[in-house]
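Visitor: Give the three-dimensional model of this entry:
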Amino acid sequence: MSSSILDRGPRSAWASLLTAAVFATALLTPATSHGCACGCGVFDVGTGALFPDGSGGTVFVEADFVDQNRNWSGTSAAPADANADKRVRSDFYTAGIQYMFNRRWGLQVDVPYWNRQFATAEEPSDVAVNTHAALGDIRIRGVYTGFSPDMSSGLTFGLKLATGDASYPNFDPDTEIGSGSTDLLLGGFHRGRLTQDSRFGYFLRGQWQQPLRSKANYRPGNELIGVAGAYFQGWTHADQLAITPILQLTAAYRGHDGGPDGHPEDTGSTRLLVSPGIEVHFSKIRLYAEAGFAVHDNVSGNQLVSRRNYKLTAFYSF
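Guide: Have a look, this model is predicted:
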């Protein structure tokens, strides 16, 4: 099964260094830029992700909301008329399952469904608005947690499949619901205690996403994302209800897109977000809510950015 962000016991020093290195790499990657569409890996590596703590399974449903409505160039806002694209509003809905076969090995499958509105100026005074909803790119990962007895450190590895719609005629390649590519996913995670009484703890997460096979006309940029967070687990009632406030920092890098339709001069970015959140845990059910606020955006060319995003997730363990 998978737990909330709880305290952990003794852990492997080697595994701690490994997962910390994944996060440090994300923070130290040189700035380049980000695609017009949201670097959606940000929603795939946050606190809503699962932390195994024993055999068994967890199912979850998640909703993410982001509105890219500000034109950005470099590290600051830019005039709206410098970018033909005016708005990308996205609602991401994901259903998934993680099942740990034993205390070492598990499997996670995420099935997303996206609803996206894209507004772009076909003429200076004519803005076309198109909305499209479809299945997104399914992610399948293996999970390994054999580094320490408490399963506090682990690795994830798998594929993002080209199942999403990448052919809607009114969207650009970088705003399509599907990227049209099959990508390698490699990640790591770790969590531990900050105090002996386990009321304060921390967690680290990271993931590298590398396209392996893509369409001839468009190749999405690779992505590297790291998350570091801290939490306070001191609000409990009758050993059944627990309320946990959480604060996390997310560093995200996306490389330039490639191919004839890739527009590398206007894709690629680095981002830094601060996200306060709260988790409510009752028996086998967990609810998690988060608001993310951008504190740094560095993009190539002119791109639409969102300065905040929102996440809601519900989990059920069995």
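
Visitor: Residues in a beta bridge with residue 121, which ones?
Guide: Beta-bridge pairing of residue 121 under DSSP bridges involves residue 127.

Visitor: Double-check it against residue 80; I have them as touching.
Guide: No: Residue 121 is beyond contact range of residue 80, at 9.5 Å (criterion: CB atoms under 8 Å). Bear in mind the C-beta positions are built from the backbone N, C-alpha and C, glycine included.

Visitor: what is in contact with these two at once?
Guide: Residues touching both residue 121 and residue 80 (CB atoms under 8 Å, 6 or more residues apart in numbering) are residue 86.

Visitor: sec struct for residue 147, please.
Guide: The three-state assignment at residue 147 reads coil, by DSSP: H, G, I helix; E, B strand; the rest coil.

Visitor: Next, give phi and psi for it.
Guide: phi -80, psi -30 (degrees, to the nearest 10).

Visitor: quick one: it and residue 153, what's the gap?
Guide: 5 Å (CB to CB, to the nearest Å).

Visitor: If you count surrounding residues, which of these two has more?
Guide: Between residue 147 and residue 153, counting by other CB atoms under 10 Å, residue 153 is the more crowded of the two (27 against 22).

Visitor: helix or strand for the residue nearest to residue 233 when sequence neighbours are not counted, which one?
Guide: Of all residues not flanking residue 233 in the chain, residue 244 sits nearest, at 5.0 Å (CB to CB, 6 or more residues apart in numbering). Secondary-structure assignment from DSSP states H and E places residue 244 in strand 241-254.

Visitor: Averaged pLDDT, that strand. What do you get?
Guide: The pLDDT scores in strand 241-254 average 95.

Visitor: Pull out the CA atoms of that strand and give them to me as PDB.
Guide: Extracted in PDB, the C-alpha atoms of strand 241-254 (Å, rounded to 0.1, in the frame of the first residue of the first chain):
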ATOM      1  CA  LEU A 241      -8.000  11.700  11.700                       C
ATOM      2  CA  ALA A 242      -4.700  13.500  10.800                       C
ATOM      3  CA  ILE A 243      -4.300  16.900   9.300                       C
ATOM      4  CA  THR A 244      -0.900  17.700   7.800                       C
ATOM      5  CA  PRO A 245       0.200  21.100   6.500                       C
ATOM      6  CA  ILE A 246       2.900  20.900   3.800                       C
ATOM      7  CA  LEU A 247       5.200  23.400   2.100                       C
ATOM      8  CA  GLN A 248       7.100  22.400  -1.000                       C
ATOM      9  CA  LEU A 249       9.500  23.900  -3.500                       C
ATOM     10  CA  THR A 250       9.500  22.700  -7.100                       C
ATOM     11  CA  ALA A 251      12.300  23.300  -9.700                       C
ATOM     12  CA  ALA A 252      11.400  22.500 -13.300                       C
ATOM     13  CA  TYR A 253      13.500  22.500 -16.400                       C
ATOM     14  CA  ARG A 254      12.300  21.900 -20.000                       C
END
